[in-house]
Every structure is written in C-alpha cells, then in structure tokens.
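A.B. asks: With the sequence up front, the predicted model follows.
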Amino acid sequence: MGHRLRRAAPFLLLAASVWLLYGGVIRRLVHDWTRDENYSHGFLIVPLALYFVWERRKRLAATPVAPNDLGLIIVMGSLAVMLAGVLGAELFLTRVSMIGLTAGSIVFLLGWGALRVLAFPVALLLLMIPIPALIFNQIAFPLQLLASQVGETALRSLNVPVLREGNVIVLANTSLEVAEACSGIRSLISLLTLGIVYGYFCDPRGGVRIAIALSTIPIAIASNGIRVAGTGIAAHYVGPEAAAGFFHTFSGWLMFIAAFLMLFVVVRLIVFLAPRRTVQETLPGAVTA
C-alpha cells in the first residue's frame, strides 16, 4: 500500500497543482461549453480522451518508464504561455497551455515513449478549446456567403424566384438572412470532431483517418447549404413563419443526422477504394497453394 502511494504521489501532486493554477480557466471553459452551442461537444472530449488512455493501458504499462528533464522545459514553456494569456486577456492561450502542460508532465514523469502512446488522446483535447474569436469570424463569414450561394443555386434550380444580396436571400414574400448561427460552422466543428473519432474506430491507418476527418468539411458545407435551401422552399410555399421557430430548429437537427449518414457513406467509399492490405506470412521453404 505504501509503495503504491509513493508511486501515485507525483501524479496526485501534479493534479493538485494543475487545479490550483487552472481551476478558474477550467471553470470558464466549462461555462463556455454550456453557453456556446458551437462547443457543446466539449463535454464529450474529456471522457473520450480518458477512454483512449484506458484503451492504451497495456501499451503504456509495457513502455519503459524513462523520465526526461526536457519535459520540465515543456512544462515551463506552457506556464509561460499561460502567463502571456493571462496578461493579454487571451483565453485561447491559457487553455492551450493546459495541453502543453499535460504533454510536458507526461514526458517529465514517464518519458517520450509514454507520450507517443498517449499522443492521440492528448491531441484530442485540442477539440474542446474554442478557437479565438478573430479566427472564428474569419471562418464564419465565408461560410455564411457559401451557404447563401448554395441555397440560392438550389432554389433557382427548383424554379423558385430568388435574389441574393451577400448573405441575404430575397424571396417573393420574405427575406432570409444567413446569420452567423446559420453559417454551418457549428455543424462543421461538431462533425469534424465526430469524423476524427469515427475515423479512429473505423480504420487503423493514419492516411484513411485523415481523409475521413477532411471529408467532414465538404459534407458540413453541403448539408448546411441544403438546409438553407429547404428553409427558402418552406418560406416560399408555406410562408415566412415556416423559416423560423420549430421548423428552423428541427431542420438543423435533421440536417446534422443527414450529414452523419453522408459521412457514413463516404467512410464506406474510402474504405472500399483503399482496402487494407493483408500480409500473408509463410514459413521459410513452405509451399503455398
């Protein structure tokens, strides 16, 4: 019992130190997950990361413990980033520094081999951190325009009279503004997270996993454009009230389900086009039929 306590002491001390330094940062991060629907998936990231750590427990136990002092340098650098974020009132830096602190602590306590084993769950934690507002706006506005263009093209193809002015779609009986919330960035972030996790379980090859993750970008854009077009069709044939309220909320959930189904089809297609190679091992001198 005493031996186990001595082994666990550094990790318990690290956990206490992290909470002392980052308690306020973590509480604010959880608050943002609660208030910002773009990052509500953040509640799933930590349990998923812990699951992936547990999944690697045998590999981690088989990895020789080789503490490295370079990990302490990474920890100090992460603390410097946190300090810069605090002084500059930049939440993104303080939150990212937690990931660096985690990686540096693993290297300092267990070694580079342990970090290689835990690289995926540590990197996965980046998905729980909201991107800076400056970058967010640079992504959201082009997506607004793109969703407007896709919606306009779809409506024209269905012979619905439409005029687009930037991100505003003008119909005969109403106007639809593709606002930031309707830009598709929410579904893009959530679908990208889903694609990374789904790809991990579907195929062990890194290239295939990257392809699956990247495929979520056009899928999210296409599904959101279809949603905008569907809203325009409903507003044209039913009335302006069909573009708001329950229908608008329900269409968002419906298109996310459709996007997931499209992702499933794309994954099947990728796996079909790039099947796994099976290596058949034979004994020296053996004759194969």
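C.D. replies: Great, that's in hand.

A.B. asks: Now do the contacts for the residue nearest to V75 when sequence neighbours are not counted.
C.D. replies: Leaving aside its chain neighbours, V75 sits nearest to G104 (3.8 Å; criterion: C-beta to C-beta, 6 or more residues apart in numbering). In this view, the C-beta of every residue, glycine as well, is placed from N, C-alpha and C. By C-beta atoms under 8 Å, 6 or more residues apart in numbering, the residues touching G104 are 71-78.

A.B. asks: try A259
C.D. replies: 187, 191, 216, 219-220, 223.

A.B. asks: ok, of those residues, which one's closest to Q138?
C.D. replies: A220 (16.8 Å; C-beta to C-beta).

A.B. asks: what's the spacing between that closest one and L214?
C.D. replies: Distance from A220 to L214, counting by C-beta to C-beta, to the nearest Å: 11 Å.

A.B. asks: And the furthest pair within the contacts of A259?
C.D. replies: The farthest-apart pair in the contacts of A259, when distances are taken by C-beta to C-beta, is T216 and S223, at 10.0 Å.

A.B. asks: what residues are up against L191?
C.D. replies: Counting by C-beta under 8 Å, 6+ apart, L191 has contacts 216, 219-220, 256, 259-260, 263.

A.B. asks: Widest-spaced pair of those residues?
C.D. replies: T216 and F256 (11.5 Å).

A.B. asks: Show me which of these two is the more surrounded one.
C.D. replies: Applying other C-beta atoms under 10 Å to T216 and F256 shows that T216 carries more neighbours, namely 26 against 19.

A.B. asks: So for the residue lying closest to that one once chain neighbours are set aside, what pLDDT did the model give?
C.D. replies: Leaving aside its sequence neighbours, T216 sits nearest to G195 (C-beta to C-beta, 6+ apart; 3.8 Å). Note on G195: pLDDT of 89.

A.B. asks: Which strand or helix spans G195?
C.D. replies: Using DSSP states H and E, the element containing G195 is helix 185-202.

A.B. asks: May I see the buried residues of that helix?
C.D. replies: 185-200, 202 (16 or more other C-beta atoms under 10 Å).

A.B. asks: swap in stretch 48-66?
C.D. replies: By 16+ other C-beta under 10 Å, the buried positions in stretch 48-66 come out as 48-49, 52-53, 56, 60, 63.

A.B. asks: can you list those in JSON lines and add pLDDT, distance to T174 and secondary structure?
C.D. replies: Formatted as JSON lines, those follow (pLDDT from 0 to 100; distance: C-beta to C-beta, whole Å; DSSP: H, G, I helix; E, B strand; the rest coil):
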{"residue": "L48", "pLDDT": "91", "distance to T174": "42", "secondary structure": "helix"}
{"residue": "A49", "pLDDT": "92", "distance to T174": "45", "secondary structure": "helix"}
{"residue": "F52", "pLDDT": "93", "distance to T174": "47", "secondary structure": "helix"}
{"residue": "V53", "pLDDT": "92", "distance to T174": "51", "secondary structure": "helix"}
{"residue": "R56", "pLDDT": "93", "distance to T174": "54", "secondary structure": "coil"}
{"residue": "L60", "pLDDT": "91", "distance to T174": "58", "secondary structure": "helix"}
{"residue": "T63", "pLDDT": "92", "distance to T174": "62", "secondary structure": "coil"}
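
A.B. asks: you'd agree A258 is up against A222?
C.D. replies: No. In terms of C-beta atoms under 8 Å, A258 does not count as a neighbour of A222; the distance is 9.5 Å.

A.B. asks: What are the boundaries of the helices in the stretch 101-250 of the chain?
C.D. replies: For the stretch 101-250 of the chain, the helices defined by DSSP state H, counting those that start in this stretch cover 112-117, 119-124, 133-157, 185-202, 206-237, 246-273.
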